[in-house]
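Asker: sequence and predicted structure below; questions after.
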Amino acid sequence: MPPVNRIADFAGDMAAWRRHLHQIPELGLDCPETAAFVAERLRDFGVDELHEGIARTGIVAIVNGSAPGPTIGLRADMDGLPILEETGLAHASRNPGRMHACGHDGHTTMLLGTARYLAETRNFAGRVALIFQPAEEAGGGAGVMIEEGLMERFDIAEVYALHNAPGVEAGAFYTSPGPIMAAVDTFHVHIQGVGGHGAMPHETRDPVMAACGIAQAFQTIVSRNHYALDDLVISVTQIHAGTVDNVIPDKAYLNGTIRTFDPRVQAMVRERMQAIVAGQAASYGVEARLDYEVGYPATINDPDKAGFAAQVAEEIAGAGRVVADAGREMGAEDFSYMLQARPGAYLFLGQGESAGLHHPKYEFNDEIAPIGASFFARIVERAQPLA
């Protein structure tokens, strides 16, 4: 079936909300203007409870159904990215150096559309907790909400989320039972050597050569220290050293990302990085320190909930437009914290051809917002039907 008729009726309103949100991107846990707009809309819709200030600027709205029952959670992320927008759109960001380059303005809009529909119809049992979360991109807002008692406070039994997918047919869905997105860790290597004249390297302890050695040795973890069929990515993404062509600097710095699914692989990587940094430092006669930051855990769908969500998605998208076992990918997502706390599922919704996520020319496709809102609404009505 197509999007829910009533939700399709206010597609124009949803586009207006989304374009307003696109103009006011905010970062991390500090999303006060976004949260104020969301709260105002929710009050207009007549939600039964409105709880603000969770994880600083997060919101949970409660809509009661027409009979007793459990509480189902639906989550949307609200934060933007520190990117200078290059779309040239009339509704482009008004906050220089900040941009909704990942579609969180669209995700928030979809959940607002769901809230409006559910508050009008209440064709379900139990309650819905509409979760508007800050700090998905950085800061782990989902984890902060969990630490502040989100699931227990609102008695949430299961939880669902959507993310748009550029390059996937608009209105099509995909998900996967079990792991769908990776855990993400970050490493920093600080190297202290002895600088000197570039013409007299024998008088130095060159941190540049040590940095190159460490960066290359890190890749042997992938090629030689782990089973080839276990997913693992180690990417060195920054090397900083030196300021001029004829001076060997005294310091160097490496930074990068690690993506894993298995905690045992994650532990092995950390151990091997420590050994490599220590060994390479000794080899080059420098001092080196590894700072290893554990980030978001892997996003792991409950297999039964993922299968159920795929069935609901097919009701909205139509036969043949839902891939229920798409496999996993190496991106990361802090909805993982919510899935650690409660069973649920994370799905992707195709938005058609566009610039990629985190690109300065990315633009959310407003035509898919009613589809996402319809999916959320049907999840509630199918999971908690009236007798």
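Answerer: Nice, I can see it. Numbers count the residues shown, from 1 in each chain.
Asker: only C-alpha atoms, please: export stretch 302-314 in PDB.
Answerer: Presented in PDB, the C-alpha positions along stretch 302-314 are these (Å, rounded to 0.1, in the frame of the first residue of the first chain):
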ATOM      1  CA  ASP A 302      16.800  -8.300  17.100                       C
ATOM      2  CA  PRO A 303      16.200 -10.900  14.400                       C
ATOM      3  CA  ASP A 304      12.400 -11.300  15.100                       C
ATOM      4  CA  LYS A 305      11.900  -7.500  15.300                       C
ATOM      5  CA  ALA A 306      13.900  -6.900  12.100                       C
ATOM      6  CA  GLY A 307      11.800  -9.500  10.300                       C
ATOM      7  CA  PHE A 308       8.600  -7.900  11.600                       C
ATOM      8  CA  ALA A 309       9.800  -4.500  10.600                       C
ATOM      9  CA  ALA A 310      10.600  -5.700   7.100                       C
ATOM     10  CA  GLN A 311       7.000  -7.100   6.800                       C
ATOM     11  CA  VAL A 312       5.600  -3.700   7.900                       C
ATOM     12  CA  ALA A 313       7.900  -1.900   5.500                       C
ATOM     13  CA  GLU A 314       6.600  -4.000   2.600                       C
END
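Asker: what about the protein, any weak spots by pLDDT?
Answerer: Scanning the chain for pLDDT under 70 picks out the ranges 1-2.
Asker: what does the domain assignment say about it?
Answerer: What automatic domain parsing lists as the domains of the chain is 5-180+298-383, 183-294.
Asker: give me the most central residue, the chain.
Answerer: Residue closest to the mean C-alpha point of the chain, counted by CA atoms, centre = their mean, is E333 at 3.4 Å.
Asker: mind checking the SS state of it?
Answerer: coil (DSSP: H, G, I helix; E, B strand; the rest coil).
Asker: ok, it - contacts?
Answerer: E136, H163, M181, Y296, T299, Y346 (CB atoms under 8 Å, 6 or more residues apart in numbering). All C-beta atoms are positioned from the backbone trio N, CA, C, and that covers glycine.
Asker: strands - which of those residues land there?
Answerer: Members of the contacts of E333 lying in strands (criterion: DSSP state E): H163, M181, T299, Y346.
Asker: please tell me how far the third one sits from M209.
Answerer: Taking CB to CB, to the nearest Å as the criterion, T299 is separated from M209 by 39 Å.
Asker: tell me which of those two has more neighbours.
Answerer: T299 (27 against 21; other CB atoms under 10 Å).
Asker: the more buried one against I180, yeah?
Answerer: Yes: in terms of CB atoms under 8 Å, T299 counts as a neighbour of I180; the distance is 5.3 Å.
Asker: between those two, what contacts are shared?
Answerer: Y346.
Asker: so R259, which of the three states?
Answerer: strand.
Asker: tell me the bridge partners for it.
Answerer: V184, V233 (DSSP bridges).
Asker: circling back: would you mind finding the most buried of the domains of the chain?
Answerer: domain 5-180+298-383 (a mean of 20; mean count of other CB atoms under 10 Å).
Asker: now it: how far from the chain's centre is it?
Answerer: 11 Å (CA atoms, centre = their mean, to the nearest Å).
Asker: residues touching T71, list them.
Answerer: Taking CB under 8 Å, 6+ apart as the criterion, T71 is in contact with I62, G126, R127, V128, A129, F154, D155, I156, A157.
Asker: quick check, nearest of these to V194?
Answerer: Closest approach to V194 among these (CB to CB): I156, at 56.8 Å.
Asker: correct me, but the closest one touches R342?
Answerer: Yes: using CB under 8 Å, I156 makes contact with R342 at a distance of 5.8 Å.
Asker: which residues are common contacts for those two?
Answerer: G73.
Asker: helix, strand, or coil at V60?
Answerer: strand.
Asker: and the helix or strand harbouring G143, what does it pack onto?
Answerer: If you go by DSSP states H and E, G143 is part of helix 141-147. Helix 141-147 sits against strand 58-64, strand 127-133, helix 335-341, with contacts defined as 3 or more CB pairs under 8 Å, 6 or more residues apart in numbering; DSSP states H and E.
Asker: rerun at 6 Å
Answerer: helix 335-341 (3 or more CB pairs under 6 Å, 6 or more residues apart in numbering; DSSP states H and E).
Asker: contacts for the helix it packs on, please.
Answerer: Outside helix 335-341, the residues that touch it by CB atoms under 6 Å, 6 or more residues apart in numbering are A142, G143, I146, M151, V159, A161, Y296, P297, T299, I300, Y346.
Asker: out of the contacts of T71, who's nearest I368?
Answerer: V128 (21.1 Å).
Asker: chain center to stretch 259-266: distance?
Answerer: 18 Å.
Asker: for stretch 193-209, same thing?
Answerer: Per CA atoms, centre = their mean, the centroid offset for stretch 193-209 relative to its chain is 42 Å.
Asker: what's the span of that stretch, first residue to last?
Answerer: 10 Å (CA to CA, to the nearest Å).
Asker: what of stretch 326-335?
Answerer: Stretch 326-335: ends 18 Å apart by CA to CA.
Asker: check stretch 54-63 too.
Answerer: Terminal-residue distance, stretch 54-63 (CA to CA): 18 Å.
Asker: run through who's touching that stretch.
Answerer: With contacts defined as CB under 6 Å, 6+ apart, stretch 54-63 is touched by 29, 31-32, 35, 38-39, 42, 47-52, 118-119, 127-134, 141, 144-145, 148.
Asker: circling back to that earlier point, JSON lines for the contacts of T71, including distance to M110?
Answerer: Output for these, formatted as JSON lines (distance: CB to CB, whole Å):
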{"residue": "I62", "distance to M110": "18"}
{"residue": "G126", "distance to M110": "21"}
{"residue": "R127", "distance to M110": "19"}
{"residue": "V128", "distance to M110": "14"}
{"residue": "A129", "distance to M110": "16"}
{"residue": "F154", "distance to M110": "20"}
{"residue": "D155", "distance to M110": "24"}
{"residue": "I156", "distance to M110": "19"}
{"residue": "A157", "distance to M110": "22"}
